[in-house]
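Student: Show me how the following folds:
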Amino acid sequence: MSMKNAMTYKGYTAVIASSAEDECLVGHLAGINDIVGFHDESLEEVRKACEV
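Tutor: Got it, this is the predicted structure:
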């Protein structure tokens, strides 16, 4: 089962998904003409990756 949420930073929205199977959070920036993704083990680390 996965859960999805969104995080906004400087006008960009990152969609964050969590999977119990791999115990990892995965995110990507939505609404842009490029592919930008990131992953980590904690919400704090995902937030830092989104804000870079």
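
Student: burial of Val46, as a residue count?
Tutor: Residues near Val46, counting by other Cβ atoms under 10 Å, number 21. Bear in mind the C-beta positions are built from the backbone N, C-alpha and C, glycine included.

Student: can you list the residues that contact whichever strand or helix holds it?
Tutor: Here Val46, judged by DSSP states H and E, is contained in helix 43-50. Helix 43-50 is contacted by residues Met7, Tyr9, Tyr12, Ala14, Ile16, Leu25, Gly27, Leu29, Phe38, His39, Asp40 when judged by Cβ atoms under 8 Å, 6 or more residues apart in numbering.

Student: Just the C-alphas of that helix, formatted as CSV.
Tutor: Extracted C-alpha coordinates of helix 43-50, given in CSV (Å, rounded to 0.1, in the frame of the first residue of the first chain):
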residue,chain,number,x,y,z
LEU,A,43,10.4,13.2,5.7
GLU,A,44,13.0,15.7,6.9
GLU,A,45,15.5,14.4,4.3
VAL,A,46,12.9,14.5,1.6
ARG,A,47,12.1,18.1,2.6
LYS,A,48,15.8,19.0,2.3
ALA,A,49,16.0,17.4,-1.1
CYS,A,50,13.0,19.3,-2.3
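
Student: that older thread, and the contacts of helix 43-50, which are buried?
Tutor: Among these, those classed as buried by 16 or more other Cβ atoms under 10 Å are Met7, Ala14, Ile16, Leu25, Gly27, Leu29, Phe38, Asp40.

Student: Any chance of CSV for the residues you listed, columns pLDDT, distance to Ala49 and secondary structure?
Tutor: As requested, those are exported to CSV (pLDDT from 0 to 100; distance: Cβ to Cβ, whole Å; DSSP: H, G, I helix; E, B strand; the rest coil):
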residue, pLDDT, distance to Ala49, secondary structure
Met7, 84, 10, strand
Ala14, 86, 9, strand
Ile16, 87, 10, strand
Leu25, 86, 9, strand
Gly27, 82, 7, strand
Leu29, 86, 11, strand
Phe38, 81, 4, strand
Asp40, 86, 6, strand
